[in-house]
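1. Give me coordinates for this.
(chains A, B, C and D)
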Number of protein chains: 4
Amino acid sequence: MTTINGYEQSDREQKLNILNLPALEAEAKKIIPKGGFGYISGGSEDEWTLRENTKAFNHVQIVPRALTEMEHPTTETTVFGIKLKTPIMMAPAAAQGLAHSRGEEATAEGLAQAGGLMAQSTYSSTSIAATAAAGKGAPQFFQLYMSKDWDFNRSLLDEAVKAGAKGIILTVDATVDGYREADIINQFQFPIPMANLAKFSEGDGKGKGIMEIYAAAAQKIGPDDVRKIAEYTNLPVIVKGIESAEDALLAIGAGAQGIYVSNHGGRQLNGGPAAFDVLHEVAQAVDHQVPVIFDSGVRRGSHVFKALANGADLVALARPIIYGLALGGAQGVASVVNHLNDELKIDMQLAGTKTIADVKQAKLIRH
Amino acid sequence: MTTINGYEQSDREQKLNILNLPALEAEAKKIIPKGGFGYISGGSEDEWTLRENTKAFNHVQIVPRALTEMEHPTTETTVFGIKLKTPIMMAPAAAQGLAHSRGEEATAEGLAQAGGLMAQSTYSSTSIAATAAAGKGAPQFFQLYMSKDWDFNRSLLDEAVKAGAKGIILTVDATVDGYREADIINQFQFPIPMANLAKFSEGDGKGKGIMEIYAAAAQKIGPDDVRKIAEYTNLPVIVKGIESAEDALLAIGAGAQGIYVSNHGGRQLNGGPAAFDVLHEVAQAVDHQVPVIFDSGVRRGSHVFKALANGADLVALARPIIYGLALGGAQGVASVVNHLNDELKIDMQLAGTKTIADVKQAKLIRH
Amino acid sequence: MTTINGYEQSDREQKLNILNLPALEAEAKKIIPKGGFGYISGGSEDEWTLRENTKAFNHVQIVPRALTEMEHPTTETTVFGIKLKTPIMMAPAAAQGLAHSRGEEATAEGLAQAGGLMAQSTYSSTSIAATAAAGKGAPQFFQLYMSKDWDFNRSLLDEAVKAGAKGIILTVDATVDGYREADIINQFQFPIPMANLAKFSEGDGKGKGIMEIYAAAAQKIGPDDVRKIAEYTNLPVIVKGIESAEDALLAIGAGAQGIYVSNHGGRQLNGGPAAFDVLHEVAQAVDHQVPVIFDSGVRRGSHVFKALANGADLVALARPIIYGLALGGAQGVASVVNHLNDELKIDMQLAGTKTIADVKQAKLIRH
Amino acid sequence: MTTINGYEQSDREQKLNILNLPALEAEAKKIIPKGGFGYISGGSEDEWTLRENTKAFNHVQIVPRALTEMEHPTTETTVFGIKLKTPIMMAPAAAQGLAHSRGEEATAEGLAQAGGLMAQSTYSSTSIAATAAAGKGAPQFFQLYMSKDWDFNRSLLDEAVKAGAKGIILTVDATVDGYREADIINQFQFPIPMANLAKFSEGDGKGKGIMEIYAAAAQKIGPDDVRKIAEYTNLPVIVKGIESAEDALLAIGAGAQGIYVSNHGGRQLNGGPAAFDVLHEVAQAVDHQVPVIFDSGVRRGSHVFKALANGADLVALARPIIYGLALGGAQGVASVVNHLNDELKIDMQLAGTKTIADVKQAKLIRH
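-> Coordinates of the predicted model:
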């Protein structure tokens, strides 16, 4: 354990023997301090949307196929021109120092080991440059929480470009903090600085709650911001937090090169739909103009399969990977991604789908 | 604590630190005597409709919106020509002396503090005049349980007009007491007089059960009563307890200037639908001819949002406000309304709806 | 307590203070010996259909009505030319000596007190004549489990006619015993003779299980039997155990003057539908040619209301009445029927339905 | 008890007094060692599909029929030209030595006693010849897990033909092991050799997990394999593990003479549909060209009935029969089949269906 400002961080580094991703939560809870764990695991209000996120995968079923003469499925895929070993990627999540002393550096390292795409958050515990370096050349996206202060935004984007980010994820569903009760119960304030905020007048986040941090960010976000960021960085901008055809088309009209369907893991608008329940409709509106990323509720290989079959090109998750980070550092992260990818491969074989392209053509049924 | 006729009333007066409205019930249960708590919290028969009232909000979902360039949502609204800080209002509820020694006076004061509309019941513990005075000029409605005795009705209406009521809510869904088992188990009789009944021959309610009190009221209510009250008071008459298009149109045809969709918080006809499930149909029948008020099951900002989006102009609730009254007097009441309004504002921001008018245009989906 | 063949029978005689019918089961369980209680309360297989019988009433909802100028609802009704104070009747149920030393005599007396229709079973503990006498002229139906031996059948029908039965209920859904696990677990055999069987060679039922008793009855039943019984008795024949339009029309074609929709209280074919779920379809096929009786799962006034609104003319139940019999004899029976009728009256008032004819026209909705 | 390689096998031989099949599991768990029990009882991932398999039977209901003049139902049926006393058959299941020292020999003997069809697995504990001999001429099918090594396949098929198998079941839904967590938790390896593997270079299975064993089997299976096996054996080939119309038609097009709808008892693709939910669609595609066998989730007579009514000609199950094997050897197996057949007969009588052909014409409804 490493102690920082009185907060005990895991510093484990080991491969994990994983039974399944849901089982990681109880293990991680034992070693992540209560406030940090509440921040990571919690959702908003009574968490109906959070629970529905995972339940919704049971709304449809995969059709098992046989007699397809199929064997040796492969999860390799190329999205945004990036060749990946797996369609499973890291969802950008704040403050991973809450789970491990190496924070996002270890996450980036783990994703690189597993061949998956890393996305780092504006509110990461480690800096853009350090996180990028830890990935040793593996592809990364940078996620932007837009500030009201464009000098700040430009500075972050400059750093991201300089660090070799392959794309910018612009989060648009967090213009105010969802009402997260665990944080309130725990009176949670970030005990660890956020590296990217450190040099700005707003402060480094330490000692603040997520509500205050979001309050400093921009509440007003529109298509022009998408356009501005795309032009400034010359990188693909992926708009994250889309749950309607309307917003998807607004984003694409403004030059978005990716649509990221998500409800922020049930941490923002409770009473909204399970993200999976709207994926198909959004993907149909996008109509293959740009790639679609999906997150919220993914815990099983079959969830990844169903999301791909319903229109996603990449499938992201954060909580289980952060639990892997706490329990095993970079190797723990890789263990989680590898395990989930192994489950996906079994499902691919049993559904007669040899490639990710085949999965995307697979029929789902509703009973 | 204040003791009246052996009944212990709270006399707390303090702001409340509220996590959420559902959590207030357990706290309030500790300080409201059993009989009073059973009367306030209970529903009829096996409470299927009561439970369904709140569950039904999950039948539809709010579509999160982004890229709307929206910020600073406001909950201000004008209904019945009354400018309000919030669309959240007090549902008229009887006998609030069961929860607090100041009864409806403190409720009125709390609603005024929060900028919401107060509605006082015929069966209030405090008199019309006293309740009105406590509101210090803030808008109030008076709710009428029609007696068989029109002298009595006229007398109450005279007082309400004199006290400056902005409207009369005529309750039409309680021509007999719903079968409320908690009251029977507790052999509950009102320990505290009902101020408005005190000067009439029927008695002041003390020592009676709700079944007897309703029995003294009119069982036979029709459009003519609506017309009569409207003409007599020259105030807008809002008909409360409507759950069908037929009744809404009967009421409007008789001159009602407001339709109040409610199933009396699941306290009357068990086996009827959740009030939220019929709101949309009734609102469509009303077709903006008059404002629509909604109550029954509201506990969350997202519930308020969904009710507005499904056709309500004002959204009422009673039990959680009465719990706030018990726990904190007038300030407790204001705390509850403010908290719920804060939740609503978060939902408005995350749904891209700047005004209550926008919320009323928002799309709900069903998954 | 009275002890017969080692079996302890209640001999209570008192009015009951009833909260609701479901609550009677736990009280009755305390005083009815285990084997008898298992026989009375149990259903077949894993009791899915039994549970669904009551749950199914929640598949539709009553529309509360107001502004109807309605008061003083009445439950009086005339069916089969019989004037009744209530549409609630006793379902024919075997062996009520298991619950009370006076058995069906007390039940008949209680039904007469409450103004409801009594139906006695072939397998009653008390004889046709004695049961009829206990009713003191109040209307009764006789239920026939058809034997393979027509001499036996004719003899019973002769007695029923002689005793003044107003109709014959022919049960057709019990050509074999449903697989009732409670009876098997308890190795249940009837400890008390069945009076109507006593004089026949088949034996009086004592020391037999229900499976053996049904085995002695006719397995082969068809329209000709309906015709034969109608012609022989010159009484209305009501065919009980109908759950399809096909069977209803077969019965009517053969001269049935009543259709009794029932799944034997979930005691016969488990995996069949809730009786309430098929009532509407059967009633539509019957199309008012003859009256419709309904049972299976009725526990609340709202259930009676919904059954009437979905096509029933009379609504029967057995278990809760038998529990009332155990707890209070004839007065207990009357208490149960009166309580249920009181709940029905509340529902009628709140739904704006003054008469049973109005209830039958009431709209139900499905949410 | 018999102990083999440290594994304790039941050697009971007795008739069982069965209440119902689901209740057998807890009894069997007491005498089957943990690893073996986990292998037998477990499903894949979080067992959603396994649970749904049994729940899905409640998605439809049997229509009770009366007035059909029907009695003495018979479960005799002729399928694949084989006359059987019951449509209930043994699903081919591996390694029954885990449950009983006599393994498949006792199962075959029990099925013969009950008049049901035996199917033995490639991975049986006892050899094809020994299992066949134990059946004493009663009909058996042989199930093939196709190896990559055709010499091996041919050798097994030769033995099956020689032993008098009436058909070959080719399993096509297990080209990789489903993710079965119980086996992983228990670190389960087969303690007992698989007789049919013993003479081949791949080893006899002892000390291996199911994952390794499946890995040695063919992953690539297609219509040509069906054709090849049919031509080689000149026996009907039944393709097992079909859950789509597409695969059914592929199989028939390649000469399959039977379609076996199954999801391997929820042990393969979790997140796929309940097998019962796809049965009707597959049967419609098959359109009586060849017989349909069904398994997965069958525990009750009503499940057998519903499967037949939805298109199956034979209904198989394994787990409850294996529990019967553990608890009572051959007689235990017969007890289970007989009990289930008895439940089926009750359902047939109550649904007015005299023959299996009638059951297949029975109407199911959906509420």
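2. make it CA atoms for all contacts and neighbour counts henceforth
-> Noted.
3. can you tell me which residues contact A:Glu71?
-> By Cα atoms under 8 Å, 6 or more residues apart in numbering or on different chains, the residues touching A:Glu71 are A:349, A:354, D:175, D:219-220.
4. Which of those scores worst on pLDDT?
-> Minimum pLDDT across the contacts of A:Glu71 is recorded for D:Gln219, with 83.
5. all helices in the stretch 101-250 of chain A, in order from the N-terminus.
-> Counting by DSSP state H, counting those that start in this stretch, the stretch 101-250 of chain A has helices at residues A:103-114, A:128-134, A:150-162, A:181-185, A:210-216, A:223-233, A:245-253.
6. Show me the one of those helices that comes nearest chain D.
-> helix A:103-114 (20.2 Å; Cα to the nearest Cα).
7. how about the closest one as PDB, C-alpha atoms only?
-> Provided in PDB are the C-alpha atoms of helix A:103-114 (Å, rounded to 0.1, in the frame of the first residue of the first chain):
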ATOM      1  CA  GLY A 103      -3.100   5.100 -11.800                       C
ATOM      2  CA  GLU A 104      -3.600   5.500 -15.500                       C
ATOM      3  CA  GLU A 105       0.000   4.700 -16.300                       C
ATOM      4  CA  ALA A 106      -0.700   1.100 -15.200                       C
ATOM      5  CA  THR A 107      -4.000   1.100 -17.000                       C
ATOM      6  CA  ALA A 108      -2.300   2.200 -20.200                       C
ATOM      7  CA  GLU A 109       0.400  -0.400 -19.800                       C
ATOM      8  CA  GLY A 110      -2.200  -3.100 -19.200                       C
ATOM      9  CA  LEU A 111      -4.300  -2.200 -22.200                       C
ATOM     10  CA  ALA A 112      -1.100  -2.200 -24.300                       C
ATOM     11  CA  GLN A 113      -0.300  -5.700 -23.100                       C
ATOM     12  CA  ALA A 114      -3.800  -6.900 -24.000                       C
END
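8. Flag every residue of chain A that's near chain D.
-> A:19-20, A:58, A:61-71, A:302, A:343, A:346-347, A:349-351, A:365, A:367 (Cα under 8 Å from any Cα of the partner chain).
9. 10 Å - rerun?
-> A:18-20, A:22, A:57-72, A:300-303, A:305-306, A:342-343, A:345-352, A:364-367 (Cα under 10 Å from any Cα of the partner chain).
10. Just the buried residues of those residues.
-> A:18-20, A:22, A:57-58, A:60-71, A:300-303, A:305-306, A:342-343, A:345-352, A:364 (16 or more other Cα atoms under 10 Å in any protein chain shown).
11. just checking, which of the residues you listed belong to strands?
-> Cross-referencing those against strands under DSSP state E gives A:61-62, A:364.
12. Pick the one among those closest to chain C.
-> Nearest to chain C among those, counting by Cα to the nearest Cα, is A:Gln61 at 24.7 Å.
13. wait, what's in contact with that closest one?
-> A:302-303, A:306, A:363-367, D:49, D:269-274 (Cα atoms under 10 Å, 6 or more residues apart in numbering or on different chains).
14. 6 Å - rerun?
-> Counting by Cα atoms under 6 Å, 6 or more residues apart in numbering or on different chains, A:Gln61 makes contact with A:364-365, D:271-273.
15. And A:Glu52, by the same measure?
-> A:Ala274.
16. Tell me which of the helices of the stretch 101-250 of chain A sits most buried.
-> helix A:103-114 (a mean of 27; mean count of other Cα atoms under 10 Å in any protein chain shown).
17. Residues in contact with that one: which ones?
-> Residues from elsewhere that reach helix A:103-114 (Cα under 6 Å, 6+ apart): A:96-97, A:118, A:126, A:131, A:134-135, A:138, A:329-331, A:333-334.
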